[in-house]
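K.L.:
this is a predicted model, with the sequence first.
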Amino acid sequence: MKHIFFFEFFFFFFFLFLISSNFFVTLFRAKLNNMGSKRTKEDLLDIWAKPRNIIVGIDGSKFGDAAIDWAIENLVRENDTLHLVYSYVPLMEYVDVEDGIVFSPTQKEQDKLKDHATGVVHHSIVRALGEEPHVKIEQHILTGDPRMCINDLAERLEASTVVVGCRGRGAVSRALLGSVSTWLSHHCKRPVVIVRVDD
């Protein structure tokens, strides 16, 4: 009889222990879930408020203009910085094989290229945003391959997005003629938006 009472007593308290344990475990999990949801909301707000670097490749054409327009209409927020990138290949010294004459570009010719680049960027800004832009803009006039210039800048600035225009060519034409947008879509580690414009 005593043994029976002992087992009943033991199972009764064991049952109470299970109930109370389950209650506290459930309560603890609920608390964790609430904490997690609060952190998630705060994280989302922080992400939304955090300034971003958005890169747009331009070249003075309607394709570059379309990329700027798309970025302004769809991406740029109040605290963001819009980076407009124009790159060009500087004039290089070369030799005329037939005559053996060395042609060296003058500083004036090099400056003319740079002035042209500056004019393209300024025109793009005024066309899209007017004389007094309402968003923060930084201009980047770089020398070298446009693909590498844009890609390297995107990595250096930890850009949130890279936006480039694209001619409305078919896949074969792009493969034969080459494309900055195609190259970036395959090699750039940052998100790339390609704005397609028909020729």
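P.N.:
Happy to help now that I have it. Numbering: from 1, shown residues only.

K.L.:
show me what contacts residue 181?
P.N.:
Listed by CB atoms under 8 Å, 6 or more residues apart in numbering, the contact partners of residue 181 are 164, 165, 166, 192, 194. Heads up, the C-betas are built off the backbone N, CA and C, glycines and all.

K.L.:
how about CSV for those residues, with pLDDT, neighbour count and distance to residue 179 added?
P.N.:
CSV is the format used below for those (pLDDT from 0 to 100; neighbours: other CB atoms under 10 Å; distance: CB to CB, whole Å):
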residue, pLDDT, neighbour count, distance to residue 179
164, 94, 31, 9
165, 90, 25, 10
166, 84, 18, 7
192, 95, 23, 12
194, 93, 17, 9
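
K.L.:
which stretches in the chain count as helices?
P.N.:
Assigned by DSSP state H, the helices in the chain fall at 2-49, 62-74, 107-129, 146-157, 171-177, 180-187.

K.L.:
weakest of those in terms of mean pLDDT?
P.N.:
Of all the helices of the chain, the minimum mean pLDDT falls on helix 171-177 (a mean of 42).

K.L.:
from the contacts of residue 181, pick the one nearest residue 50.
P.N.:
Of all the contacts of residue 181, the one with the least separation from residue 50 (CB to CB) is residue 192, at 20.4 Å.

K.L.:
so who does the closest one touch?
P.N.:
The contact partners of residue 192, by CB under 8 Å, 6+ apart, come to 161, 162, 163, 164, 181, 184, 185.

K.L.:
for residue 121, same thing?
P.N.:
Contacts of residue 121 by CB under 8 Å, 6+ apart are 58, 84, 86, 139, 141.

K.L.:
how about a cut-off of 10 Å?
P.N.:
Residues counted as contacts of residue 121 (CB atoms under 10 Å, 6 or more residues apart in numbering) are 58, 60, 64, 84, 85, 86, 137, 139, 140, 141.

K.L.:
got a quick ChimeraX command for the buried subset of those?
P.N.:
To isolate the buried subset of the contacts of residue 121 in ChimeraX, counting by 16 or more other CB atoms under 10 Å, use the following:
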select :58,64,84,85,86,137,139,140,141
